[in-house]
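Peer 1: Quick one, fold the following:
(chains A, B, C and D)
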Number of protein chains: 2
Amino acid sequence: MKTRKEILVDELVGYLLEHGLSDLSLRPLAEALGTSARLLIYHFKSKEGLLAEVLDSMQTRLRMSLGGMIERRAGQSERPLKLFWDWAIARENYPYLKLLYELQILAVQNPAAYGQYLQRNASNWSALIATALPEAERTPAMVTLLGAVFDGLFLELMSTGDRKRTTQAILQFIRLVDDAREARPAIRGKAAKTSNTGRG
Amino acid sequence: MKTRKEILVDELVGYLLEHGLSDLSLRPLAEALGTSARLLIYHFKSKEGLLAEVLDSMQTRLRMSLGGMIERRAGQSERPLKLFWDWAIARENYPYLKLLYELQILAVQNPAAYGQYLQRNASNWSALIATALPEAERTPAMVTLLGAVFDGLFLELMSTGDRKRTTQAILQFIRLVDDAREARPAIRGKAAKTSNTGRG
DNA sequence: TGTTACATGTAACGTTTGTTACATGAAGAC
DNA sequence: GTCTTCATGTAACAAACGTTACATGTAACA
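Peer 2: Below is the predicted model:
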């Protein structure tokens, strides 16, 4: 049985996904949920506490969804980077990522207000993306580039909504890495022993 | 002789570069400039009008700075993409771009409030970056990818401040394109006649 | 049955928001 | 010397903000 607070968190997540963070206000939020600002403060102590709990819940959900994807992809021939992209732009995950990108940007310009909600996910994130590369190619520059391609394309998707073109672009990147590898083959070594195929 | 309003715009630009857009408020802003909210409204009619004029001024400055760079780079051997990157992360341009990225994100989540300030710069922007490619390689996927690499790396720079690593990453991308071209040479044609060297 | 904890409604607090009314200087034009 | 225009100061407006005080209902447990 869910507590009233847990039910509220669920509804709040939905509201935040739709309206974003930057102009969040308690009264309109409460009204949209059919409750009152009084209640939100009662359950979450403050607006700050509310945001903390809701964002936390969102990140947990996202991690679970990602874990499920990773389990399911076992023994699939698709490229890791493409799998990751498909997962990110899936209808059920996309709004979460969109909001986290907004949070990231707000925190850059206003760390005092938003920095506190950023977990050390950024590093986990890039570490995860890095596993799409064979170890021999996992240089800082290549890992940074890989993360940037992902971020940049996701941002472009956010701005234009063009799933088709952005997906073509990430396939283009995978092809680019393949072709470059052909011209200048990576040193094979421990990398050959890793489980992933090392194909972008 | 500058009008009072033009002087104000200059000071406002400086303030916005420092504080960002998302929590802009007239009274703190006026106090930081040694004036009053009354005056700002007097000169700009409304907060909305103020933002419109100031952001417009910023985009003009940025375009002028970019134009100057393009003139100066004539007959330089550096790759176009690297030149563009160096220009973007230069101390005098970086804060402007940072703010425009914030604007872009805010507009995604809240078009009603921020969409009006977005010019059709996005398209100009990507068209400009595209000139770093030889015509034969200027496919939608490649142009999108190129823009995304730039955006993604700039975002990473905003978050981490690591100029060195992000610059290494863009050089890595240039190398990648070069190597891929070696393995699968682009069809030469009209592209060979363009002024740029077509080397990333 | 009385007590305790959770949940909620109604109002208000003090502050900040963008904006406006009203009055007053300073400077140049006739 | 009056008139007009630009610039500014002082106060106030209504609205929205996050938060709190106080009272009340419901349900479970003693």
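
Peer 1: Pull out the CA atoms of stretch A:57-67 and give them to me as CSV.
Peer 2: Provided in CSV are the C-alpha atoms of stretch A:57-67 (Å, rounded to 0.1, in the frame of the first residue of the first chain):
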residue,chain,number,x,y,z
SER,A,57,12.5,9.5,-7.6
MET,A,58,12.9,10.4,-11.2
GLN,A,59,16.5,9.4,-11.2
THR,A,60,15.7,6.1,-9.6
ARG,A,61,13.1,5.3,-12.2
LEU,A,62,15.4,6.2,-14.9
ARG,A,63,18.1,4.0,-13.5
MET,A,64,15.7,1.1,-13.2
SER,A,65,14.5,1.5,-16.8
LEU,A,66,18.1,1.6,-17.9
GLY,A,67,18.9,-1.5,-15.9
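
Peer 1: contacting residues around A:His19?
Peer 2: Going by CB atoms under 8 Å, 6 or more residues apart in numbering or on different chains, A:His19 touches A:29, B:109-110. (Each C-beta comes from the backbone N, C-alpha and C, glycine too.)

Peer 1: Include secondary structure, distance to DNA strand D and neighbour count when you put the residues you listed into JSON lines, please.
Peer 2: Output for the contacts of A:His19, formatted as JSON lines (DSSP: H, G, I helix; E, B strand; the rest coil; distance: CB to the nearest atom of the strand, whole Å; neighbours: other CB atoms under 10 Å in any protein chain shown):
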{"residue": "A:Leu29", "secondary structure": "helix", "distance to DNA strand D": "8", "neighbour count": "19"}
{"residue": "B:Gln109", "secondary structure": "helix", "distance to DNA strand D": "16", "neighbour count": "21"}
{"residue": "B:Asn110", "secondary structure": "coil", "distance to DNA strand D": "13", "neighbour count": "17"}
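
Peer 1: Just put those in CSV and tack on distance to DNA strand C.
Peer 2: Formatted as CSV, these follow (distance: CB to the nearest atom of the strand, whole Å):
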residue, distance to DNA strand C
A:Leu29, 14
B:Gln109, 19
B:Asn110, 15
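
Peer 1: Could you export those to a markdown table, including columns for distance to A:Glu102?
Peer 2: Converted to a markdown table, the contacts of A:His19 look like this (distance: CB to CB, whole Å):
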| residue | distance to A:Glu102 |
| --- | --- |
| A:Leu29 | 16 |
| B:Gln109 | 5 |
| B:Asn110 | 9 |
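
Peer 1: closest to A:Gly20 among those?
Peer 2: Using CB to CB, B:Gln109 comes nearest to A:Gly20 of those, at 3.2 Å.

Peer 1: Give me the neighbour count for A:Arg27.
Peer 2: 11 (other CB atoms under 10 Å in any protein chain shown).

Peer 1: again but with A:Leu66, I slipped
Peer 2: For A:Leu66, the count of nearby residues is 16 (other CB under 10 Å).

Peer 1: tell me the contacts of the residue most central in space within chain A?
Peer 2: Residue closest to the average C-alpha location in chain A (CA atoms, centre = their mean): A:Leu97, at 4.2 Å. For A:Leu97, the contact set (CB under 8 Å, 6+ apart) comprises A:62, A:88, A:154.

Peer 1: Which residue in those has the weakest pLDDT?
Peer 2: Confidence by pLDDT is poorest for A:Leu62 among the contacts of A:Leu97, given 93.

Peer 1: List the contacts of that one.
Peer 2: Per CB under 8 Å, 6+ apart, neighbours of A:Leu62: A:93, A:96-97, A:100.

Peer 1: I'd like the contacts of A:Leu97 as a markdown table, with distance to DNA strand D and secondary structure appended.
Peer 2: Formatted as a markdown table, the contacts of A:Leu97 follow (distance: CB to the nearest atom of the strand, whole Å; DSSP: H, G, I helix; E, B strand; the rest coil):
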| residue | distance to DNA strand D | secondary structure |
| --- | --- | --- |
| A:Leu62 | 25 | helix |
| A:Ala88 | 30 | helix |
| A:Phe154 | 28 | helix |
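
Peer 1: Which member of those is positioned nearest chain B?
Peer 2: Using CB to the nearest CB, A:Phe154 is the member of these that lies nearest chain B, at 8.4 Å.

Peer 1: so A:Arg138 makes contact with A:Ala130?
Peer 2: Yes. Applying CB atoms under 8 Å, one finds A:Arg138 in contact with A:Ala130, separated by 5.5 Å.

Peer 1: May I ask which of the contacts of A:Leu62 has the most neighbours?
Peer 2: Ranked by the number of neighbours (other CB under 10 Å), these place A:Leu100 first, at 20 neighbours.

Peer 1: Quick check: buried residues in the one helix or strand it maps to?
Peer 2: Using DSSP states H and E, A:Leu100 sits in helix A:94-109. Of all the residues in helix A:94-109, those buried under the rule 16 or more other CB atoms under 10 Å in any protein chain shown are A:94, A:96-109.

Peer 1: Just the C-alphas of the helix or strand following it, formatted as PDB.
Peer 2: Using DSSP H and E, the next helix or strand after helix A:94-109 towards the C-terminus is helix A:111-114. Taking Å, rounded to 0.1, in the frame of the first residue of the first chain, the C-alpha atoms of helix A:111-114 are listed here in PDB:
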ATOM      1  CA  PRO A 111      24.500  26.600  -8.900                       C
ATOM      2  CA  ALA A 112      23.100  28.100  -5.700                       C
ATOM      3  CA  ALA A 113      19.600  27.200  -6.600                       C
ATOM      4  CA  TYR A 114      19.900  24.000  -8.600                       C
END
